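>>> sequence-free structure coming up:
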């Protein structure tokens, strides 16, 4: 039939201007055209309908059991099942349970100030799931003074215009919005857009005879602070340059807040409910757990594994409930409920397994996919391994709730069981408070990052690294650079040199004597902290090796610093990744260019670097004068 055929073609169209823009539009067209509008649709006798009385959603199958509606809400935050309707910000707007977990995003106040007081056109960009739409909804609430229950594609409130998502608009609509924002100075625009859509829309923007410069937008997106573009008509705020870890962890705190779980105390299954057991365990250890979750997410982030706000909150919600709801718990036998408790522990489900077997639905979550690739806890801490398995006493000073879990694991497994040991390592990581240097070492070994805590200390609020620490870490970085430039392994902790030499040598075949291309005084280098993304007075920075107060510099990421630290500790098997060798090569070229610009070429002499038996450096100078060759050492 033609009307069905037309509807179907539009439903499967691959071009944006030919297909339905929303599911609601598709559904409306199907009902109005496909059914009601069918001239040949036969009239059917209406079946007899039995109207059921509405069921009390707080009661379940068994007498005395209570359904906590907050539990299914948590399950809708992740995509481990089809019931993920609240995983996006659009569906959260107006959702009553969202208020229970929502936290104030500091960016909201910043955007509101720029938007309403400074009358700036703001473009809020980044990746899908960064929380841009939530910020837009909060701005709407601040402007109107009333809760935002639904945000239309374009909201116009007097002189303020909020565009919820540019990707929901047709190309012509996007051009119109950007052009109006440029030309109409009486209005202020807050435009939310993913980065790809923004780049595509911006290339067609024209003001008079001036056409938008795509390279200007790219520079703004990569800048270390919000940037003004297109004759200062727009302020680009790239959330993708920021991390949402602290905000996500604050949402996690709200998830396990006692107010959300009061109803569970009335349930007859509360004593052996796996979900409530997790919640109580987390409440008893909330500060420690939040710190460890933050560190693990931070380690991923610094290794260029960036998780969005949506991904982290969905992951944490799953780790609490394991995808179960109250009905699932109630329908189990008493024995099955007890067994479920220890197969759904938070510190196991956080990694996507039950302590032994991977849970297939958990692999739908991007954080779990990335976490399992790293295999946290696979590298063993010698002191922990030596002391933990020798006794079943509480040698780790766990609190009562944590120790009860450990005792249950001790009874359930043989001490040599690998699954048991893996679970204990996870338990200690998440639940043991940090009161000793041994625990700090354990955390860094568990996360496979020996410089993580030091790196975070350096880049989290201090303007300058203490002189002694700066000297120690700078000398280690300089040693790695010297090894790379010369192709010679140098003794760990014993190598000292006043100069850094760039030599001419065959890659990976370090000869005992090499020609020096350039030399640099070690004291001219320093470790500096630069801002990562300056907004709201953010004090998290980047660590750089700077030469002569910034004439040139090399960014020192956590993976590179971990390599430096492992090299200092005697690790010889690990090699630098191609990414960092390329970065060192670029730094090398910059240094050579500086040396060439600042020094006159002497064609009558050259310097050689000779490595002694103990890797001591010896400089030899060869001078050609009056047909004579003179060697000075």
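Perfect, thanks for sending it. Given the structure is predicted, the values throughout are model-derived calculations rather than measurements.

>>> for the stretch 501-633 of the chain, what are the low-confidence residue spans?
For the stretch 501-633 of the chain, the stretches with pLDDT under 70 are 507-510, 534-539, 601-603, 633.

>>> dump the residue contacts of residue 169.
153-154, 163, 177 (C-beta atoms under 8 Å, 6 or more residues apart in numbering). In this view, the C-beta of every residue, glycine as well, is placed from N, C-alpha and C.

>>> mind listing the helices for the stretch 201-350 of the chain?
214-222, 245-255, 274-284, 286-302, 309-321, 326-330, 334-341, 346-349 (DSSP state H, counting those that start in this stretch).

>>> out of these, flag the one nearest residue 130.
Nearest to residue 130 among those is helix 309-321; the distance by C-beta to C-beta comes to 5.9 Å.

>>> by contact count, what packs against that closest one?
helix 70-75, helix 245-255, helix 274-284, helix 346-349, helix 366-374 (3 or more C-beta pairs under 8 Å, 6 or more residues apart in numbering; DSSP states H and E).

>>> using a markdown table, lay out those together with mean pLDDT and distance to residue 549.
Converted to a markdown table, the helices and strands packed on helix 309-321 look like this (pLDDT from 0 to 100; distance: least, C-beta to C-beta, whole Å):
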| stretch | mean pLDDT | distance to residue 549 |
| --- | --- | --- |
| helix 70-75 | 92 | 52 |
| helix 245-255 | 95 | 32 |
| helix 274-284 | 97 | 48 |
| helix 346-349 | 97 | 47 |
| helix 366-374 | 96 | 37 |
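
>>> most packed of those helices?
Mean neighbours per residue, mean count of other C-beta atoms under 10 Å, is largest over these for helix 346-349, with a mean of 24.

>>> distance of residue 234 from residue 106?
Residue 234 sits 22 Å away from residue 106, going by C-beta to C-beta, to the nearest Å.

>>> neighbour count: these two, which is higher?
Taking other C-beta atoms under 10 Å, residue 234 and residue 106 do not tie; residue 234 has more neighbours (24 against 14).

>>> give me the pLDDT for the more buried one.
As predicted, residue 234 sits at a pLDDT of 89.

>>> and stretch 390-401, which residues are buried?
Neighbour-count burial for stretch 390-401, counted by 16 or more other C-beta atoms under 10 Å, picks out 396, 398.

>>> hmm, who's touching that stretch?
280-281, 284-285, 387-388, 403, 406-407, 410, 428, 431-433, 435.

>>> buried ones among these?
280-281, 285, 388, 403, 406, 428, 431-432.

>>> among these, which one has the lowest pLDDT?
Among the buried ones among the contacts of stretch 390-401, residue 388 has the weakest pLDDT, 91.

>>> quick one: contacts for the nearest residue to it once chain neighbours are set aside?
Leaving out its chain neighbours, the residue that sits closest to residue 388 by C-beta to C-beta, 6 or more residues apart in numbering is residue 424, at 6.7 Å. Residues counted as contacts of residue 424 (C-beta under 8 Å, 6+ apart) are 388, 406, 409.

>>> out of the residues you listed, which one sits closest to residue 491?
residue 388 (34.1 Å).

>>> the contacts of stretch 390-401: which two are farthest apart?
Farthest pair in the contacts of stretch 390-401, by C-beta to C-beta: 280 and 387, 28.2 Å.

>>> hang on, the earlier thing: any chance of the helices and strands packed on helix 309-321 in a markdown table, plus distance to residue 605?
Shown next, in a markdown table, are the helices and strands packed on helix 309-321 (distance: least, C-beta to C-beta, whole Å):
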| stretch | distance to residue 605 |
| --- | --- |
| helix 70-75 | 73 |
| helix 245-255 | 55 |
| helix 274-284 | 70 |
| helix 346-349 | 65 |
| helix 366-374 | 51 |
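
>>> residue 317 reaches residue 78, doesn't it?
Yes: with contact taken as C-beta atoms under 8 Å, residue 317 and residue 78 are classed as touching, separated by 5.5 Å.

>>> the more surrounded of the two?
residue 78 (28 against 25).

>>> the more buried one against residue 321, yeah?
No: at 9.1 Å, residue 78 does not count as touching residue 321 under the criterion of C-beta under 8 Å.

>>> domain parsing of the protein, as residue ranges.
Structural domains of the chain, as assigned by automatic domain parsing, span the residue ranges 1-51, 91-241, 245-449, 457-632.

>>> how about these in CSV, adding distance to residue 69?
Below are the domains of the chain laid out as CSV (distance: least, C-beta to C-beta, whole Å):
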stretch, distance to residue 69
domain 1-51, 24
domain 91-241, 7
domain 245-449, 8
domain 457-632, 35
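
>>> can you give me the helices for the stretch 1-150 of the chain?
Using DSSP H, counting those that start in this stretch, helices in the stretch 1-150 of the chain cover 2-11, 23-29, 70-75, 89-92, 98-101, 106-112, 132-144.

>>> about what we covered before: quick one: the contacts of residue 424 as CSV, columns for secondary structure too.
Formatted as CSV, the contacts of residue 424 follow (DSSP: H, G, I helix; E, B strand; the rest coil):
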residue, secondary structure
388, helix
406, helix
409, helix
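
>>> tell me the one among the residues you listed nearest to residue 15.
residue 409 (56.8 Å).

>>> give the contact list for that closest one.
Contact analysis of residue 409 by C-beta under 8 Å, 6+ apart lists 342, 420, 423-424, 427.

>>> what about the residues you listed, which one has the most neighbours?
Result: residue 423 is most packed of the contacts of residue 409 (other C-beta under 10 Å), 26 neighbours.

>>> flag the shaky bits of the stretch 1-150 of the chain, pLDDT-wise.
Along the stretch 1-150 of the chain, the parts satisfying pLDDT under 70 run over 1-2, 33-66, 81-91, 94.

>>> cutoff 80 now
By pLDDT under 80, the weakly predicted segments of the stretch 1-150 of the chain are 1-5, 14-25, 31-66, 79-95, 149-150.

>>> again, but for the stretch 251-400 of the chain
For the stretch 251-400 of the chain, the ranges with pLDDT under 80 are 391-392, 394.

>>> check the secondary structure at residue 189 for me.
Assignment for residue 189 (three-state DSSP): strand.

>>> now it, nearest residue through space, not along the chain?
residue 181 (4.1 Å).

>>> list the buried residues in the helix or strand that neighbour falls within.
Taking DSSP states H and E as the definition, residue 181 sits inside helix 171-183. The neighbour-count check on helix 171-183 (16+ other C-beta under 10 Å) flags 174-175, 177-178, 181-182 as buried.

>>> same question, stretch 154-172
155, 160-169.

>>> so for that stretch, what's the average pLDDT?
Mean predicted lDDT for stretch 154-172 stands at 89.

>>> and stretch 409-425, by the same measure?
Mean predicted lDDT for stretch 409-425 stands at 94.

>>> can you give me the end-to-end span of that stretch?
12 Å (C-alpha to C-alpha, to the nearest Å).

>>> name the residues of that stretch that are buried.
Within stretch 409-425, the residues that count as buried by 16+ other C-beta under 10 Å are 409, 413, 419-425.

>>> one step back: looking at the helices and strands packed on helix 309-321, spot the one closest to residue 112.
helix 245-255 (16.6 Å).

>>> just to revisit the earlier point, for residue 71, find the nearest of the domains of the chain.
Of all those, it is domain 245-449 that lies closest to residue 71, at 5.2 Å by C-beta to C-beta.

>>> and that closest one, end to end?
End-to-end distance for domain 245-449, by C-alpha to C-alpha: 18 Å.

>>> stretch 268-275 now?
For stretch 268-275, the separation between the terminal residues is 14 Å (C-alpha to C-alpha).

>>> contacts for it?
Stretch 268-275 has contacts (C-beta under 8 Å, 6+ apart) with 62-65, 71, 264, 267, 276, 320-322, 324, 326, 329-330, 334, 337-338, 340-341, 343-344.

>>> for stretch 501-515, same thing?
Under C-beta under 8 Å, 6+ apart, the answer for stretch 501-515 is 482, 485-489, 516-520, 588, 591-592, 595, 606-611, 617, 620.

>>> surely residue 137 is in contact with residue 93?
Yes: look at residue 137 against residue 93 with C-beta under 8 Å: they come within range, at 5.2 Å.

>>> no further queries at this time; thank you.
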